[in-house]
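K.L.:
sharing a sequence plus its predicted fold:
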Amino acid sequence: MSKILIIEDDEDIRESVKILLENEGFHVIEADNGMDGLHQISEDTDLVILDIMMPGISGIKTCEQIRKIGRASCRE
């Protein structure tokens, strides 16, 4: 089963996307901000759905950090 991480600060949007994906058979984990999302991402995460405009760390900065994590794990 594919694992999808949703990083979205709007609870209604996050829950709607989660319901749609779970109904299609995906395993979904949620984060309500970029920092929480960075803590929840793992090597078995197949897809990240990321809001761009969030309080605290923006979606752009979160994406940059995810890419750094991915490059580091590819070298190991």
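P.N.:
Received, thanks. Because the structure is predicted, anything quoted here is derived from the model rather than measured.
K.L.:
CA atoms of the biggest helix by length in the chain as CSV?
P.N.:
Of all segments of type helix in the chain, defined using DSSP state H, the longest is helix 59-75. The C-alpha trace of helix 59-75 is given here as CSV (Å, rounded to 0.1, in the frame of the first residue of the first chain):
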residue,chain,number,x,y,z
GLY,A,59,5.7,24.9,1.8
ILE,A,60,8.7,26.1,-0.4
LYS,A,61,11.1,25.8,2.5
THR,A,62,9.6,22.5,3.6
CYS,A,63,10.0,21.2,0.0
GLU,A,64,13.7,22.3,0.0
GLN,A,65,14.3,20.4,3.3
ILE,A,66,12.5,17.3,1.9
ARG,A,67,14.8,17.3,-1.1
LYS,A,68,17.9,17.6,1.1
ILE,A,69,16.7,14.6,3.1
GLY,A,70,16.1,12.7,-0.1
ARG,A,71,19.6,13.5,-1.4
ALA,A,72,21.2,12.5,1.8
SER,A,73,19.4,9.1,2.0
CYS,A,74,20.4,8.4,-1.7
ARG,A,75,24.1,8.7,-0.7
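K.L.:
buried residues in that helix?
P.N.:
Neighbour counts over helix 59-75 (16 or more other Cβ atoms under 10 Å) mark Gly59, Thr62, Cys63, Gln65, Ile66 as buried. Placement of C-beta: from N, CA and C, glycine included.
K.L.:
show the contacting residues for the second one.
P.N.:
If you count contacts by Cβ atoms under 8 Å, 6 or more residues apart in numbering, Thr62 has them with Ile7, Gly34, Gly37, Leu38, Leu50, Met54.
K.L.:
before we move on, back to that, which of the buried residues of helix 59-75 lies closest to Asp46?
P.N.:
Ile66 (12.9 Å; Cβ to Cβ).
K.L.:
report the separation between that closest one and Ile7.
P.N.:
9 Å (Cβ to Cβ, to the nearest Å).
K.L.:
ok so Lys18 is a helix residue?
P.N.:
Yes - checked against DSSP: H, G, I helix; E, B strand; the rest coil, Lys18 lies within a helix.
K.L.:
can you report how many residues neighbour it?
P.N.:
18 (other Cβ atoms under 10 Å).
K.L.:
nearest spatial neighbour of it, skipping sequence neighbours?
P.N.:
Val28 (4.8 Å; Cβ to Cβ, 6 or more residues apart in numbering).
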